[in-house]
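Q: what's the 3D shape of this:
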Amino acid sequence: MKEAYFPQEIEKKWQKIWDEKKTFHTPDESDKPKYYALSMFPYPSGKLHMGHVRNYTITDVIARFKKMNGFNVLHPIGWDSFGLPAENAAMKHGANPETWTDENIAYMTKQLKMLGLSYDWDREVTTCKPDYYKWTQWLFLQLYKKGLAYKKEAAVNWCEECGTVLANEQVIDGKCWRCDHVVEKKYLSQWFLKITDYAEVLLEDLDKLTGWGDNVKTMQANWIGKSTGAIFRFPVIDAPSGEKIEVPVYTTRPDTVYGITYLVVAPEYADIEKLTTPENKEKVEEYRSNARKMSEIERLSTDRIKTGVPLGTHCKNPFNGEIFPLWTADYALAEYGTGAVMAVPTHDTRDFDFAKKYNMPMKVVIQNSENPSNCENEAYTEEGILINSGEFNGMKNTEAKKAITQKSVDEGFGEFKTQYRLRDWLISRQRYWGAPIPVVYCDKCGIQPVPEDQLPVMLPKDVDFSVVGKSPITTSKTFKDTVCPVCGGHAVREMDTMDTFMCSSWYYLRYADAQNDNECFNKDKVNHWLPVDQYVGGIEHAILHLLYSRFITKALKDCNLLDFDEPFKNLLTQGMVLKDGSKMSKSKGNTVDPDEIFENYGADTARLFILSDSPPARDFDWSDAGVEGCYKFLNRVWRLISANAENICAESGKWKVESGKLDNFQFSTFNFQLKKDNDDLVRIVHMSIKGITNDISNDFQFNTVISKYRELVNAIYDWQNKKPQLDDEDKSVLSFAILTLIKLMSPVAVHLTEEAWNEIIGEGSIHDQKWPEWDENLAKASSITLVVQINGKIKDKIEADEALSEDELKELALSSEKIKELTAGKTIVKTIVVPKKLVNIVVK
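A: Down below sits the predicted model:
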């Protein structure tokens, strides 16, 4: 075994061997229990960054640990490879996005293998390949048949820079999540998935997810946004067309309905033009145009002064017959409720500010009987008693909510209503690099799904990527025109492609049966492997990807394609990798290239360091000195092993260990009394096994695992420094300590430990070995005989744990029944403790 540590040489050697032997191939059939460990798959942007390294190393350590603990582990990888960056790069450089993507995947694959990750590459999936998006299209058709996919015209988020629609979740602070361009509202005919049909079960089943953090569950619950209230229908009394029109309003405050003094509709409200008088039309259109340029966040901001313009028409309150004006205001949203808001300025802060600005009337309908307010200076939003509310006067407002709603139901102008903030999932994208939506449009037959035997609908190759503001797919001369599958007449294809979140909402299912050409996945296989036992990824996906995946899983269960209804049993959201206290970014110039770390220090150093500083759920601050320190530690481990290679023995009998061949070298119990220093080291090893096992098993506290690696290495060095020569017993203990160290470090320092194992043992892989087990009796410091004195004379002897502190030894001595009897009625002047030896109690 070489004296010096050459990580690059070792790592290339073992990566090649693992690849050729398919060391990490996972069989579907095994007598071992299954364990599915999964990292969120990457977008092939070109190169790995340190956030990738952290994510994938965390999951890899979990997978290796579970494998050594007797599980048949599925640990796959793939590529979320559709998306706008590839298309934008194609437009910028004139390259085909497929070529750009394939080149990036090839490079990033090389980097993943350099990191020593234990992936089963036979299960690799790539979402932009026809063998994958064929099944994305097939799943769309199943949802369409189920009534969960539909098309409608709607006000959508439009990014002019990207030339595409964005889902609500993809608008961050009013800007496109990809290019940071300001997002506007635009009316388009779009495809949606009815995630709202699952709103209640998505909310309720969060309670099932005991392996998820409360922060993620809270974010999803808030996004779903359940509220209970009522819908009231207000008749318009002076519509310009003379037709009978009602404005339905959803409210969570039916108790305030007698205090309405105006009604607001969203600038995008579907019937706003019918509600606008000719003399108000110009001002209303100008206002609507400006509102389209504002984000939902801006429009709802409590810090921003609300604006609006009157429509010129009026509604009648069916509860009391009062007439009030109709306005449009940007704080009303078409996507929430009905797109209209009943304004009660005296009992809503937002309505109060608006009414004050535009000198609108106010009417108090809830009063605190002990401290009445006329609401001249602020809205009263607390509980109270109803006034100016007809037959409901004197009733508590909390009780009046139900009674008032019931009145509207009885008289036919209202209903009880549970509302969700969650909107249906908009999946249409006006771009090329995505899965084509498998429907056609026939003049005779209307919308028709593409027959399943005609899938996949392939992306065309004859496109012009230089076009701006529209999808390159529209430039194809071969894609658009097709044949109607029903009548055989002329039809045109859907020109939009699917949101890439559609591809990532089911990829974890495909891994269970990745090479199946005949079906999306085999139901038995997917039911065997799923749900994912441990999912690892960023907190930024708490709403988008995780919520969509939960919805798709539940929908596919309803389609009888699988038997479970939640995709991820346990979720770990790892923190970001920072440098100098800030998130790594090219613009800040604080990025770290993994390739440079691999080249200078080796992948094992990168793996060790990325886990060493903080728990995985917390942010991690990069330190060049920390990398250097981890590299030095691995060199120290290597020297410890190489210097003692000749003294390490795994064969039974040679060093008087337990009789019989040692099962996977799990030797721990010796058949003779060990010398004190040897017994101490054996105990330290057992304590290390226990501590490291528990740290990995309980919330994956890898930073403390690595601290325990260091402690064990130090203990072995300290032990060895006291041994100028080794006898047979010493060699036996040393063998036990070093071989256990190699096993304990193998999930992290994967190449070093594989090389060391091969050099010492000569056969098999360290990664196929059984995880070490500890003996509870040995996983603690050895006991001592504590001498207890009174005034310097021995009065008792007590067996005590060697690890007890001075205070604990003192307490143990004073709790002795013999000592209590001898000191009864006497004053204890002081207690002297000699650690690990005696306690002397001075009395008078």
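Q: three-state assignment of K470?
A: Following DSSP: H, G, I helix; E, B strand; the rest coil, K470 is assigned to coil.
Q: Any stretches of the chain with poor pLDDT?
A: By pLDDT under 70, the low-scoring segments of the chain are 167-169, 295-303, 469, 585-587, 650-672.
Q: for it, longest helix please?
A: With residue count as the measure and DSSP state H as the assignment, the chain has helix 676-697 as its longest helix.
Q: Just want the angle from the next helix-or-strand element following that one to helix 676-697.
A: The C-terminal neighbour of helix 676-697 among helices and strands, as given by DSSP states H and E, is helix 702-721. Interaxial angle, helix 702-721 versus helix 676-697 (axes from the mean of the first three to the mean of the last three C-alpha atoms, to 10 degrees): 170 degrees.
Q: residues of helix 702-721 that come out buried?
A: The neighbour-count check on helix 702-721 (16 or more other C-beta atoms under 10 Å) flags 702-706, 708-709, 712-713, 715-716, 719-720 as buried. All C-beta atoms are positioned from the backbone trio N, CA, C, and that covers glycine.
Q: Quick one: residues contacting I245.
A: Neighbouring residues of I245 by C-beta atoms under 8 Å, 6 or more residues apart in numbering: P235, V236, A239, D271, K274, L275.
Q: Try it again at 10 Å.
A: Under the criterion of C-beta atoms under 10 Å, 6 or more residues apart in numbering, the contact partners of I245 comprise F234, P235, V236, I237, D238, A239, D271, K274, L275, T313, C315.
Q: Surely the last one touches T261?
A: What it means is C315. No: under the criterion of C-beta atoms under 10 Å, C315 lies out of contact with T261, with a separation of 11.2 Å.
Q: quick one: the strands in the stretch 501-650 of the chain?
A: Assigned by DSSP state E, counting those that start in this stretch, the strands in the stretch 501-650 of the chain fall at 534-538, 571-574, 577-579, 582-583, 620-622.
Q: To clarify, my last question referred to the stretch 151-300 of the chain.
A: Secondary structure of the stretch 151-300 of the chain by DSSP E, counting those that start in this stretch: the strands cover 164-166, 171-172, 175-176, 183-193, 226-235, 246-251, 262-265.
Q: The last one - contacts with which helices or strands?
A: Packed against strand 262-265, as judged by 3 or more C-beta pairs under 10 Å, 6 or more residues apart in numbering; DSSP states H and E, are the following elements: strand 246-251, strand 308-316, strand 323-329, strand 340-343, helix 349-357.
Q: Centre of the chain to the last one, how far?
A: Averaged C-alpha coordinates place helix 349-357 at 39 Å from its chain's average position (C-alpha atoms, centre = their mean, to the nearest Å).
Q: Can you give the contact residues for that helix?
A: With C-beta under 10 Å, 6+ apart as the criterion, helix 349-357 contacts 256, 259-262, 264, 300, 302, 305-308, 327, 329, 331, 341-346, 348, 360-362, 375-381.
Q: what's the distance between I798 and L838?
A: For I798, the distance to L838 (C-beta to C-beta, to the nearest Å) stands at 10 Å.
Q: Any figure for the gap between F564 and H541?
A: Using C-beta to C-beta, F564 is found at 20 Å from H541.
Q: These two: which has the busier surroundings?
A: Summary of the neighbour comparison: F564 and H541, criterion other C-beta atoms under 10 Å, with H541 having more neighbours (19 against 14).
Q: Please name the residues that touch the more buried one.
A: If you count contacts by C-beta under 10 Å, 6+ apart, H541 has them with M40, V216, F501, S504, Y535, L547, Y548, S549, L571, T573.
Q: where exactly do the helices run in the stretch 101-250 of the chain?
A: Per DSSP state H, counting those that start in this stretch, the stretch 101-250 of the chain has helices spanning 130-145, 199-204, 214-224. These are given in chain order.
Q: Then the stretch 501-650 of the chain?
A: Taking DSSP H, counting those that start in this stretch, the helices of the stretch 501-650 of the chain run over residues 507-510, 523-529, 544-558, 594-600, 603-612, 624-643.
Q: Comparing these, which comes out most buried?
A: Using mean count of other C-beta atoms under 10 Å, the stretch among the helices of the stretch 501-650 of the chain with the largest mean neighbour count is helix 603-612, at a mean of 27.
Q: In CSV, list the C-alpha atoms belonging to that one.
A: Extracted in CSV, the C-alpha atoms of helix 603-612 (Å, rounded to 0.1, in the frame of the first residue of the first chain):
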residue,chain,number,x,y,z
ALA,A,603,-13.7,14.3,-4.8
ASP,A,604,-13.5,12.7,-1.4
THR,A,605,-12.3,16.0,0.1
ALA,A,606,-15.2,17.8,-1.6
ARG,A,607,-17.7,15.3,-0.2
LEU,A,608,-16.2,15.4,3.3
PHE,A,609,-16.0,19.2,3.4
ILE,A,610,-19.5,19.8,2.0
LEU,A,611,-21.0,17.8,4.9
SER,A,612,-18.7,18.9,7.6
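Q: Summarise which helices and strands it is packed against.
A: Helices and strands in packing contact with helix 603-612 are listed as helix 7-21, helix 50-68, helix 97-114, helix 594-600, strand 620-622, helix 624-643, helix 702-721, helix 750-760; criterion 3+ C-beta pairs under 10 Å, 6+ apart.
Q: and of these, who's closest to V468?
A: Put simply, out of the helices and strands packed on helix 603-612 the one that sits nearest V468 is helix 97-114, at 15.7 Å, with distance taken as C-beta to C-beta.
Q: residues of the closest one that come out buried?
A: Residues of helix 97-114 classed as buried: 97-98, 100-102, 104-105, 108-109, 111-114 (neighbour count, 16+ other C-beta under 10 Å).
Q: Might one say that W506 is in contact with K554?
A: No: in this structure, W506 sits apart from K554 without contact. The criterion is C-beta under 10 Å, and the distance is 12.0 Å.
Q: Overlap in contacts, these two.
A: Among the neighbours of W506, those also in contact with K554 (C-beta under 10 Å, 6+ apart) are P567.
Q: Show the contacting residues for A491.
A: Contacts here follow C-beta under 10 Å, 6+ apart; on that basis A491 touches 439-448, 450, 480-485.
Q: could you check the distance from it over to P472?
A: For A491 relative to P472 (C-beta to C-beta), the value is 22 Å.
Q: and if you look at N104?
A: Taking C-beta to C-beta as the measure, N104 falls 19 Å from P472.
Q: Give the burial count for L812, as a bare number.
A: By the measure other C-beta under 10 Å, the count of residues near L812 is 18.
Q: Then V463 would be within a strand, right?
A: No: the secondary structure assignment for V463 gives coil rather than a strand, going by three-state DSSP.
Q: out of everything not next to it in sequence, what's closest to it?
A: Take V463 and drop its neighbours on the chain: the residue closest to it by C-beta to C-beta, 6 or more residues apart in numbering is P472, 4.3 Å away.
Q: so the one you found makes contact with G434?
A: No: shown here, P472 and G434 do not form a contact pair, counting by C-beta under 10 Å, at 11.3 Å.
Q: More neighbours: the two, which one.
A: Neighbours of P472 and G434, each counted by other C-beta under 10 Å, are more numerous for G434; the result is 30 against 22.
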